[in-house]
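> Predicted coordinates and the sequence they were generated for:
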Amino acid sequence: MVVNLNTTQIQDWRGFNGRPFLIAGPCSAETEEQVMETAKQIAKINKVTVFRSGIWKPRTRPSSFEGIGLEGLKWLKQVKEETGLLVGTEVANERHVYEALKYGIDMLWIGARTSVNPFTVQEISNALNGVDVMVLVKNPVNPDLELWIGAIERIAKAGIKRLGAIHRGFSAFEKTTYRNQPNWQLPIELRRRLPYIPLICDPSHIAGSREYIHEISQKALDLNYDGLMIESHIDPDKALSDARQQLTPNDLKELLSRLILRNPSTTDPRILDVLGELRQQIDIYDDHLIDLIEQRMKVAETIGKYKKENNITILQSVRWDEIVKRVMIHGQAKGLSTELIDIIFKAIHQESINHQMKIMNDGVISEE
Ligand code: PEP
Ligand code: MN
């Protein structure tokens with residue numbers, strides 16, 4: 001189901017100066033000098049709309065730097081007055097909202113550790129009732145799309161019109177290259193479900209390390225994201241939080257200049273012709289795939305009937321193991337990733353089991 005939350009398009013947001021909508025600034029406000037100097041250098045890049053800075057920091061361990069607090073809000077106000085940049089910070093409870101609004105903060109974002117909690121999101125929504133401010137909702141730390149959508153809906157109910165989502169990746173138990181796994185299919189599905197909600201990528205928190213920020217940003221732009229939020233600090237190695245993933249304003253400028261902006265659509269009839277023809281081919285292959293899966297299910301059902309007659313269990317793990325090994329080798333030879341083969345065949349196998357279960361239990365296949 002596609003939902004319209006009655007929000008405004010990002011093109012109509014104050015300060016919008018073309019795609020990508022850029023938000024940049026340090027992970028945390030640390031000192032007046034660090035904030036002002038970073039902001040001045042970022043303003044000079046001439047591409048950034050919002051200067052970000054954490055004032056209250058949600059830290060995993062209690063002994064880490066937990067943010068400068070109220071004093072930092074004065075510095076953000078000063079940034080706005082001296083550079084003309086809009087300013088934004090993270091809020092995690094209603095007191096944060098009231099304090100930030102008192103200092104004229106233009107953008108508030110709800111962090112990944114807060115958007116998991118409907119009580120807190122509701123509390124923030126109540127504090128925002130009737131206020132006209134930009135609000136961005138980061139994805140919850142766990143890959144739960146409904147929770148993310150629920151948090152966005154709660155904020156929309158406060159009447160927030162300039163409302164967006166930030167994709168900052170999802171935590172995982174295993175160590176991976178990136179600090180947080182992007183799970184791109186989740187924001188893509190968010191886009192399908194809430195097509196009117198601007199989508200911003202936060203490559204800094206996905207990457208966890210400077211070296212990957214460009215590739216993640218480019219991927220987000222290729223997926224037609226509306227904007228990027230990138231952490232930048234005048235002296236990243238000395239940062240009190242997220243030192244490894246922050247860029248100097250100069251490196252940020254260089255990174256932004258290397259990003260390639262592709263058009264989300266075109267009206268050129270020659271390009272549309274070629275694309276149209278290629279898309280027809282894709283549709284044909286997709287129909288083939290469905291026909292093939294249907295045929296495979298028919299065979300699975302025949303096997304199911306046979307197992308029933310002979311009183312054999314549905315799951316035959318040795319046989320399943322054999323299938324996985326075989327298709328992995330075949331898939332690799334065809335240049336397909338093991339991840340794809342794994343996802344497709346687990347889903348197909350589950351579907352076969354479901355068909356066989358029905359045969360075993362009532363002998364009738366219903367069309368659900
Ligand atoms: C941040 O933006 O600095 C932050 C704490 O982000 P997240 O909620 O994505 O961890
Ligand atoms: Mn950070």
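The structure has been received and is ready for your questions. These numbers were taken from a predicted model, which means no experiment stands behind them. Residues are numbered from 1 along each chain as shown. Ligands and ions are numbered 1, 2, ... in the order given.

> so where does Trp56 fall, helix or strand?
Assessed by DSSP states H and E, Trp56 sits outside every helix and strand.

> ok, how many other residues are close to it?
21 (other Cβ atoms under 10 Å). For the C-beta atoms, the positions are set from N, CA and C on the backbone; glycine is no exception.

> gap between it and Ile124?
Taking Cβ to Cβ, to the nearest Å as the measure, Trp56 falls 13 Å from Ile124.

> who touches both of those two?
Listed as contacting both Trp56 and Ile124 by Cβ atoms under 8 Å, 6 or more residues apart in numbering are Val91, Ala92.

> pLDDT at His330, what is it?
Per-residue pLDDT puts His330 at 94.

> Leaving out the residues flanking it, which one is nearest to the residue of the stretch 101-250 of the chain found nearest ligand 1?
As assessed by Cβ to the nearest ligand atom, ligand 1 sits closest to Gly111 within the stretch 101-250 of the chain, at 3.1 Å. In space, and not counting its chain neighbours, Gly111 is closest to Glu90: 4.9 Å by Cβ to Cβ, 6 or more residues apart in numbering.

> ok, and does the helix or strand hosting the one you found reach over to ligand 2?
In this structure, Glu90 sits in strand 86-91 according to DSSP H and E. No. Taking Cβ under 5 Å from the ion as the criterion, strand 86-91 and ligand 2 are apart, separated by no less than 9.1 Å.

> so after the lengthiest helix in the chain, what's the next helix or strand?
For the chain, the longest helix by residue count, based on DSSP state H, is helix 269-309. Remark: after helix 269-309, the chain's next helix or strand is helix 317-333, criterion DSSP H and E.

> next SSE after that following helix?
Next along from helix 317-333, by DSSP H and E: helix 338-361.

> gap between that next one and the chain center?
Relative to its chain's centre, helix 338-361 lies at 28 Å (Cα atoms, centre = their mean, to the nearest Å).

> ok, now stretch 23-31?
Relative to where its chain is centred, stretch 23-31 has its mean C-alpha point 21 Å off (Cα atoms, centre = their mean).

> What about whichever residue of the stretch 251-368 of the chain sits closest to ligand 1, how many residues nearby?
Using Cβ to the nearest ligand atom, Leu252 is the residue of the stretch 251-368 of the chain that sits closest to ligand 1, at 15.3 Å. Using other Cβ under 10 Å, Leu252 has 25 other residues around it.

> That one looks like it's in a helix, true?
Yes. With DSSP: H, G, I helix; E, B strand; the rest coil as the criterion, Leu252 is part of a helix.

> all strands of the stretch 1-150 of the chain, in order?
Along the stretch 1-150 of the chain, the segments classed as strands by DSSP state E, counting those that start in this stretch run 21-25, 50-52, 86-91, 107-110, 134-138.

> Identify the neighbouring strands of the fourth one in the sheet and state each direction.
If I follow you right, that is strand 107-110. Strand 107-110 pairs in its sheet with strand 86-91 (parallel), strand 134-138 (parallel), by DSSP bridges.

> Can you list the buried residues in it?
Using 16 or more other Cβ atoms under 10 Å as the burial criterion, the residues of strand 107-110 that qualify are Met107, Leu108, Trp109, Ile110.

> go on, stretch 243-251?
Residues Gln245, Gln246, Leu247, Thr248, Pro249, Asp251 are the ones in stretch 243-251 that count as buried (16+ other Cβ under 10 Å).

> Which residues are in contact with Arg296?
Ile348, Ser352.

> picking that back up, is the residue nearest to Gly111 in contact with Arg113, as I believe?
No. Glu90 lies out of contact with Arg113 (Cβ atoms under 8 Å); the separation is 9.7 Å.

> what do these two both touch?
Pro58.

> mean confidence for stretch 172-181?
Rounded mean pLDDT across stretch 172-181 is 90.

> Quick check: end-to-end length of that stretch?
7 Å (Cα to Cα, to the nearest Å).

> give me the number of residues near Val141?
For Val141, using other Cβ under 10 Å, the count is 19.

> Apart from its chain neighbours, what residue comes closest to the residue positioned nearest the centre of the chain?
Among the residues of the chain, His167 comes closest to the average C-alpha position under Cα atoms, centre = their mean, at 2.4 Å. Counting by Cβ to Cβ, 6+ apart, the nearest residue to His167 once its immediate chain neighbours are dropped is Pro187, at 4.3 Å.

> Checking my notes, that neighbour in a helix, right?
Yes. Using three-state DSSP, the assignment for Pro187 is a helix.

> Ligand 1 contacts on the protein?
Cys27, Gly54, Pro58, Glu90, Gly111, Ala112, Arg113, Lys138, Arg168, His205 (Cβ under 6 Å from any ligand atom).

> Could you give me the PyMOL selection string for whichever of these are buried?
In PyMOL, the members of those classed as buried (16+ other Cβ under 10 Å) are selected with the following command:
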select buried, resi 27+54+90+111+112+113+138+168+205
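
> can you give me the end-to-end distance of stretch 178-192?
Stretch 178-192: ends 25 Å apart by Cα to Cα.

> now it, how far from the chain's geometric center?
With Cα atoms, centre = their mean as the basis, stretch 178-192 stands 4 Å off its chain's centre.

> Any part of that stretch near ligand 2?
No. Stretch 178-192 does not reach ligand 2 (Cβ under 5 Å from the ion); its nearest approach is 10.0 Å.

> quick one: buried residues of that stretch?
Tyr178, Arg179, Asn180, Gln181, Pro182, Asn183, Leu186, Pro187, Leu190, Arg191.

> can I get these in TSV with secondary structure?
Below are these laid out as TSV (three-state DSSP):
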residue	secondary structure
Tyr178	coil
Arg179	coil
Asn180	coil
Gln181	strand
Pro182	coil
Asn183	coil
Leu186	helix
Pro187	helix
Leu190	helix
Arg191	helix
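
> could I get those residues as a markdown table with distance to Asp287?
What follows is the buried residues of stretch 178-192, written out as a markdown table (distance: Cβ to Cβ, whole Å):
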| residue | distance to Asp287 |
| --- | --- |
| Tyr178 | 36 |
| Arg179 | 40 |
| Asn180 | 37 |
| Gln181 | 32 |
| Pro182 | 30 |
| Asn183 | 28 |
| Leu186 | 27 |
| Pro187 | 28 |
| Leu190 | 27 |
| Arg191 | 25 |
